[in-house]
Structures are given as C-alpha cells and as structure tokens.
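Engineer: Pasted the sequence and its predicted model underneath.
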Amino acid sequence: MSDTGTTFGRVLLELQHKVPGAASADIRELPSGRTIVWLEVDGSHHKGALSAAASQVIATAAETARTKGLPLVGQFASSGADILEGIAALHGWGRAAKALADCSGVVPTINIVSGPAVSGPALLIGLADFVVMTEDSYAFVSGPTMVEEFTGIAVTTDELGGPAAHARQSGAATIVVTDTAAALDWVDALLAFLPDSVDSLPAFSASGDPDDRSTPEAGGLMPETSTGSYDVRDVIASLVDDGYHLELRQRWATNVVTTLATMGGHTVGIVANQPLSLAGTLDIPASQKAARFVSFCDAFNIPILTLVDTPGFYPGKDLEWRGMIRHGAQLVFAYGRATVPRICVILRKSYGGAYIVMDSKKMGNDLCLAWPGAELAVMGAGQAAAILQRRATDEERAAFEADYTARLLNPYVAAERGYVDAVIDPADTRREICAALHMLRDKRERLVSRKHDNSPL
C-alpha cells in the first residue's frame, strides 16, 4: 500500500474511533494485491441502524475513494436509519447518499449485502455499480408489514426482497453467493477486469491464447434453420482469451448476456443477444440491463463488443404500456453517447428497431462485421409476407418469401451500402476483433460541451 493510502487509512480509522457505531472503513488490499477503500456496516451493532455518525463514516469512505481514485467496496447489513436519532439520522443518510452518488462514473462501486438492507440502506446499495447478495440477505424499501397494510397481500421477507427475487425479478443483485468469503472472492475476480478509476485503463492480462487463433467452432454453433436456438455464451467462450468470461446479472433478463472478458490481453465488455431465451428478442429488462452495462463500460474505458442475433423487440400491449419506448431508448442512448472502442458482429438475425439499438454502424460503432449467414432487414420473410401478401395464395406467399430471402436477407446488401464493413468467415472472428482492438487502443473522442446529458430513465 502507498504512503498516501496509509495516511488516508489512518484518517478513516481515527474517524470511526471518534464516532463508534455500526459503520467502519479502512483502506485495504485484497488477496490479489488490489488496493480498495473498504466500508462495512455491521449488522451486529444495534442491528446496523445508521446513526448520523455512522453515515458520516460512509460519506468519508466514499469521498476518500473518489479523491484517491480507488474502487469502493462496501459490506452492508443495516435495518435502516436509527429511529432513536430521528431527523439527524436522516440528514446523515442524505449526506452518505450524496457522497456515493458522487462516486458514480469516477471509481467502481461494489456493495456486498450480507444481512438486511432496509429502507435507506436499500437505496444506498442501489447506487452501486455492482451488488453481491449472500444467500441469507434481503433488501427492500418497504417491508412485508407495510406491504400487507397498504395492499392487503401477505408476503414473506424472502419473497419480497430475498436474493432470488433480486437476482431474477428486480435485477438489483448482480450475483448471489453463499457467504461473505465467497463475495470477496467474486469481487476480487471482478476487479481484475476493471481500472481503479476513470483516469486509468484496465490492467493488461497476459495470456497464451494467440490473437489470431482460428474459431471455426463459433460458426459451427449456428443451427441449420434460422429459428433454431443455441447458447450465445458458447460463442463468447470460443472468442475470448482462454474461454473465460465473467457474466453479470446472469439470472435477470436472460434474453441478453452481459459479460466481461479479455481479448488480446485487454478487457472487453460483451453484450450479446441470447437465442435460448425469448428467441433473443429485446424487452424492457433486457434493454435496461444492456444499457446499464454499456454505460458502465463507457465510463471506465472498457471497449464494447456487441454480438447480434435478435428478431426485434418483443411485442405486447403490456410491454408498450409499461414504457417499452422509454426503456428501449435507454439502450439507444447508451450506445449513442459511448466513446470507447465499439465493435459489432452480426451473427445471424438483425431486424428492425433492434438492428438499430444493438450498436449498428450508423449508431457510431468503429467496426461492423457480419457472418455470411447473417440476415439484416426490417423484418423476416414470414413477417414481411404476412403484411405485404395478406391476400395471396399459399403458393404466392411461399414464392414471395423465397425471393425476399434471396434478395434482402443477406449481409452483402448492407456491405455494398457501407452499413457493414466486412463479411467474414466465423473462423476469422477472434483474429479480426483482436486486430481491431489493438488498432483502437488510442481512440479518443472530443466530448460535447454540456453540463450533463439527460438519459431517458
């Protein structure tokens, strides 16, 4: 640990001794040697209730992480603001929330929930980039008693805010692990892909996997029919260094995969449609999941690789009423403002609006590649026939679909117009991506002068 880190470590320790309570903080090293600012809210002390003094420790830890450019890792087990302190506790919570918000996009923030996270503390963990929940933890803004009083519906703590609920339903949990030790191991593995702050790049990770390794197995995963399914994670494993990648939010919005890996020794964030789930269509959770990940990668200088195989947005009245337009726009917005190197590979289907939002060429990516069997169009042949050949006979409709497929459902039409940079053999995919990543290492874009953007939340 550096002398500066030691000095700030002493400051944190002196602070927590002056204001004893549920919160403590320090600067420490993980087993890998990575230096972090460590924050802990201890559930064994007054059930982790946050006094104004405890919130001051949280705020000071966050300010230290931000000013010194170190990742902030917090472990939370808190029943909420200290009721006995009243408004002072709420004031302290507000200061802690502001300090944590100030860290966003400056340093990576990771929260481990090892017990309860109720009311205010639940919102604090929601500010983090990544949330790790242990199997015996839970988190919610309003508890089971309040839910039953207001709605008349009885619900258990685990049903309302258990780790399974947040991993599958809300998306608040990035991963669920057995205990705190497993959580720290996962955090260490995650940080291997991340820089300390916005002012640095992820560390180079040496690998014996050649950049020009042939990947014929990637193309071999494609089904014979366009409606067949496959696991896109197998494609990812075939492309990345040593076949290893760290998937995030694996159990939420399973129709899109977001994962971190290295290619050519450099960290890359991968967004991929998952044909195994909802045929790879985009819905509200998938749009939110992908948009949040793209935004994170852009904030921390991580190149983005997008693997496309989607027939479009998932249709439905309920989806539209719940805001498909707004949430779909989140993904468009995230890609549109991203300035890191961006590479798109169209594996198979890329239709309609989903073609645009999955980092198409005109959205500003640096390289757009397509496999020979890729289908780029407004819609598939069957959908086009249903609209344009409503009164046609079966034979006429079949002839239309065959002609539509031959003329339009191929990547060469797009390549002729410059919408695809190259049509490549799947076996050459890793080689082309690695070459592009090395070429784009020095990419810099001049940002538009403005106070901040206005993301379609």
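Structural biologist: Arrived safely, thanks for sending.
Engineer: mind listing the strands for the stretch 1-150 of the chain?
Structural biologist: 23-29, 35-41, 72-78, 109-118, 130-134, 138-140 (DSSP state E, counting those that start in this stretch).
Engineer: wait, which of these is closest to His266?
Structural biologist: Counting by CB to CB, His266 lies closest to strand 130-134 out of these; the figure is 20.5 Å. C-beta: built from backbone N, CA, C; applies to glycine.
Engineer: which stretch among the strands of the stretch 1-150 of the chain comes nearest Val308?
Structural biologist: With CB to CB as the yardstick, what comes closest out of the strands of the stretch 1-150 of the chain is strand 130-134 (25.2 Å).
Engineer: who does that closest one pair up with?
Structural biologist: Here strand 130-134 is paired, per DSSP bridges, with strand 109-118 (parallel), strand 175-177 (parallel).
Engineer: on that earlier part again, let me know which of the strands of the stretch 1-150 of the chain is the nearest to Cys368.
Structural biologist: Short answer: strand 130-134, nearest of these by CB to CB, at 29.5 Å.
Engineer: What lies in contact with the closest one?
Structural biologist: For strand 130-134, the surrounding residues in contact (CB atoms under 8 Å, 6 or more residues apart in numbering) are 108-114, 125, 139, 163, 166-167, 172-180, 182-183, 186-187, 190, 248.
Engineer: Find the residue closest to Thr134 in space, skipping its chain neighbours.
Structural biologist: Excluding the flanking residues, the one nearest Thr134 by CB to CB, 6 or more residues apart in numbering is Ser114, at 5.0 Å.
Engineer: Ser44 is in contact with that neighbour, correct?
Structural biologist: No. Using CB atoms under 8 Å as the test, Ser114 is too far from Ser44 to be in contact (10.8 Å).
Engineer: what sits in contact with each of these two?
Structural biologist: Shared contacts of Ser114 and Ser44 (CB under 8 Å, 6+ apart): Ala77.
Engineer: Between the two, which is the more surrounded one?
Structural biologist: Neighbours per residue (other CB atoms under 10 Å) separate Ser114 from Ser44, with Ser114 holding more: 23 against 9.
Engineer: ok, that one to Ser350 distance?
Structural biologist: Between Ser114 and Ser350 the computed distance is 42 Å (CB to CB, to the nearest Å).
Engineer: again with His327
Structural biologist: 20 Å.
Engineer: Now do the end-to-end distance for stretch 310-319.
Structural biologist: 17 Å (CA to CA, to the nearest Å).
Engineer: how about low-confidence regions in this structure?
Structural biologist: Residue ranges of the chain with pLDDT under 70: 1-21, 45-48, 82-84, 378-386, 388, 396, 401, 403-408.
Engineer: at 80 what do you get?
Structural biologist: Low-confidence segments of the chain (pLDDT under 80): 1-22, 43-49, 80-86, 88-91, 352, 377-410, 446-449, 457.
Engineer: can you list the domains in it?
Structural biologist: 3-191, 216-374+410-439 (automatic domain parsing).
Engineer: what about those, which gets the closest to Pro202?
Structural biologist: Nearest of these to Pro202, taken as CB to CB: domain 216-374+410-439 at 3.8 Å.
Engineer: how about the residue sitting nearest the centre point of the chain, secondary structure?
Structural biologist: Residue closest to the average C-alpha location in the chain (CA atoms, centre = their mean): Phe293, at 2.8 Å. What DSSP: H, G, I helix; E, B strand; the rest coil gives for Phe293 is helix.
Engineer: quick one: it and Val257 touch, right?
Structural biologist: No. Look at Phe293 against Val257 with CB under 8 Å: they stay out of range, at 9.8 Å.
Engineer: Between these two, which contacts overlap?
Structural biologist: Val271.
Engineer: Need phi/psi at the closest residue to Phe313 other than its chain neighbours.
Structural biologist: Nearest non-adjacent residue to Phe313, counting by CB to CB, 6+ apart: Leu282, 5.0 Å away. Taking degrees, to the nearest 10, you get phi -100, psi 130 for the backbone angles of Leu282.
Engineer: thought Leu282 was touching Ile356?
Structural biologist: No. Taking CB under 8 Å as the definition, Leu282 is not a contact partner of Ile356, at 10.9 Å.
Engineer: the more surrounded of the two?
Structural biologist: Leu282 (26 against 16).
Engineer: And His327 and Ser350? Which one has more around it.
Structural biologist: Neighbour count, other CB under 10 Å: between His327 and Ser350, Ser350 has more, with 26 against 20.
Engineer: still on that earlier bit, out of the contacts of strand 130-134, which end up buried?
Structural biologist: Buried by 16 or more other CB atoms under 10 Å: 108-114, 125, 139, 163, 166-167, 172-177, 180, 182-183, 186-187, 190, 248, out of those.
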